[in-house]
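# make a model of this:
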Amino acid sequence: VVSRRPARALQLLALSLRGLGAAPPPGAGGTVTTSFPEAVLVILEGYDGGVVGVCSGTLVGRGWVLTAAHCVVPAAGYSPTAAYVAFVDDMSEITAATLSTASWVVHPDYDANSGTGDAALLQLDDDAPVAPAALFTGTPSAAADDGRSFTIVGFGAEAHDDVSGEVVKREARVEQVDVDGTWLYTEDDQGEANGCMGDSGGPLFRWSDGGDEYALAGVMNWVTTCEGGTMGSLRVDTVAGWVIDYVDDATTVSDLGNAPVDAETDGMVVDGVPVEPNGVGCAAVPGAALGLGGLGLLATRRLQRPQR
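Numbers count the residues shown, from 1 in each chain. Just a heads-up that it's a prediction; the model follows:
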């Protein structure tokens, strides 16, 4: 459980973050973006009060963020003791007003070796200032979905050995190349864009066939290389039931041709508001993915992980 920090402590943390780097790198093939407000920056603090790591995450309820378990679980040389969530597009925007302290709960099936259940929920002190993303609960298929377009959003580095730049939000389009019981595999067909350190825990958004709706289908987890390699994202449908157990206002969608469904009442939700089943219209499902910081979070163990 994370202790509650006064505003002054948050201001000092913001100042320490601003000293992490200078010029922002262009990202691993991604584009700097101010879209996807539900994609958030996750900051991990250590015993000495300093920043030990940076991840990304997705708001899935007014007071909850979904990220990767390996962002918050202690490992060799890495001991996060507190977490903060920043609703910003650029690290330079961090102030006490844009930071929220968070406690966390780790998926009970999390296995650091296999990556099974690599998900954690961050519970915010206060309700978020933006609308949450819906959870995609449909079952992905290699036969039906390989080649489908996804968007990744996160605060990651340009390359696996570059942790010197400022932290900014970036997005990139990738395509599904395979899927199994745990992972959804994606690549950039141009061989350029991918997730990188700092992106762990961030969203992989699945788009509707019409391209006007999206929902959270994956939690970015590991890559073979930041520069255009294969990325594995944890399938959200495999942890959605666990998320719903904690997040009362979570919404789900199994078919992006339909409006998302309130996970508690099974009623439709349009623009984040539950409506009667005879309501009209489809909501544009609001909607980043590998760790960056003192240790890089994914570092050698996850970045060198094979595709299978």
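# check which helix or strand covers the nearest residue to Trp183 once chain neighbours are set aside.
Closest residue to Trp183 apart from its sequence neighbours, by CB to CB, 6 or more residues apart in numbering: Gly232 at 4.1 Å. Backbone N, C-alpha and C define where each C-beta goes, glycine included. Element membership of Gly232, judged by DSSP states H and E, is strand 231-235.
# list the strands paired with that strand, with their directions.
Using DSSP bridges, strand 231-235 pairs in its sheet with strand 183-187 (antiparallel), strand 214-223 (antiparallel).
# most tightly surrounded among those strands?
Mean neighbour count (mean count of other CB atoms under 10 Å) peaks for strand 214-223 among the strands paired with strand 231-235, with a mean of 29.
# ok now that strand, how far from the chain's centre?
On the basis of CA atoms, centre = their mean, to the nearest Å, strand 214-223 sits 7 Å off its chain's mean C-alpha point.
# picking up where we left off before, for the residue nearest to Trp183, the count of nearby residues, please.
Gly232 sits with 27 neighbouring residues when counted by other CB atoms under 10 Å.
# in this structure it contacts Leu184, no?
Yes: the pair Gly232 / Leu184 is scored as a contact, 7.4 Å apart, by CB atoms under 8 Å.
# from Ala39, how far out is the nearest residue to Gly191 once chain neighbours are set aside?
Once flanking residues are discounted, Gly191 sits nearest to Gly228: 4.0 Å by CB to CB, 6+ apart. From Gly228 across to Ala39, the span is 21 Å (CB to CB, to the nearest Å).
# higher neighbour count, these two?
Ala39 (31 against 19).
# who is the more buried one paired with across the strands?
Residues in a beta bridge with Ala39, per DSSP bridges, are Thr58.
# residues in contact with it?
Residues near Ala39 by CB atoms under 8 Å, 6 or more residues apart in numbering: 56-58, 153-154, 169, 202-203, 287-288.
# switch the cut-off to 10 Å
Counting by CB atoms under 10 Å, 6 or more residues apart in numbering, Ala39 touches 33, 56-59, 65, 87, 89, 130, 133, 151-155, 169-171, 202-203, 205, 216, 287-289.
# now do Asp178
When contacts are counted by CB under 10 Å, 6+ apart, Asp178 touches 140, 142, 145-146, 184-187, 230, 232, 307-308.
# for the nearest residue to Thr186 once chain neighbours are set aside, give the beta-bridge partners.
Distances taken as CB to CB, 6+ apart put Val174 closest to Thr186, at 4.1 Å, once the chain neighbours are dropped. Taking DSSP bridges as the rule, Val174 bridges to Phe150.
# tell me, how many residues neighbour Val174?
By the criterion of other CB under 10 Å, Val174 has 26 neighbours.
# for Met197, give me the pLDDT.
We have a pLDDT of 85 for Met197.
# now do Leu256
Per-residue pLDDT puts Leu256 at 78.
# who's in contact with it?
By CB under 10 Å, 6+ apart, Leu256 lies in contact with 134, 136, 138, 206-215, 217, 282, 285.
# for it, give its distance to Thr116.
Leu256 sits at a distance of 26 Å from Thr116 (criterion: CB to CB).
# do Arg173 as well
With distances taken as CB to CB, Arg173 is found 28 Å from Thr116.
# over to Ala215?
For Ala215, the distance to Thr116 - CB to CB - is 22 Å.
# for Asp188, same thing?
Counting by CB to CB, the gap from Asp188 to Thr116 is 26 Å.
# which one of the two has more residues nearby?
Asp188 (21 against 18).
# so that one makes contact with Gln176?
No: using CB atoms under 10 Å, Asp188 is not in contact with Gln176; the gap is 11.6 Å.
# give me the neighbour count for Pro129.
When neighbours are counted by other CB under 10 Å, Pro129 registers 12.
# that should have said Thr139, apologies.
Other residues near Thr139 number 12, with proximity taken as other CB under 10 Å.
# what do you get for Asp146?
14.
# so how far is Val174 from it?
Per CB to CB, Asp146 is found 12 Å from Val174.
# anything in contact with each of those two?
Common neighbours of Asp146 and Val174, counting by CB under 10 Å, 6+ apart, are Tyr185.
# follow-up on the earlier one: I'd like to know which of the contacts of Leu256 is nearest to Tyr246.
Checking the contacts of Leu256 against Tyr246 with CB to CB, the nearest one is Ala134 at 15.9 Å.
# the closest one contacts Val60, doesn't it?
Yes: applying CB under 10 Å, one finds Ala134 in contact with Val60, separated by 8.3 Å.
# in the stretch 1-150 of the chain, which spans are strands?
Taking DSSP state E, counting those that start in this stretch as the criterion, the stretch 1-150 of the chain carries its strands at 31-32, 39-45, 51-61, 64-67, 82-86, 99-106, 120-124, 135-136, 149-154.
# and Ala240, which of those is closest to it?
strand 135-136 (4.8 Å).
# packing partners of that closest one?
For strand 135-136, the elements it packs on are strand 51-61, strand 203-207, strand 214-223, helix 240-246, strand 251-253, judged by 3 or more CB pairs under 10 Å, 6 or more residues apart in numbering; DSSP states H and E.
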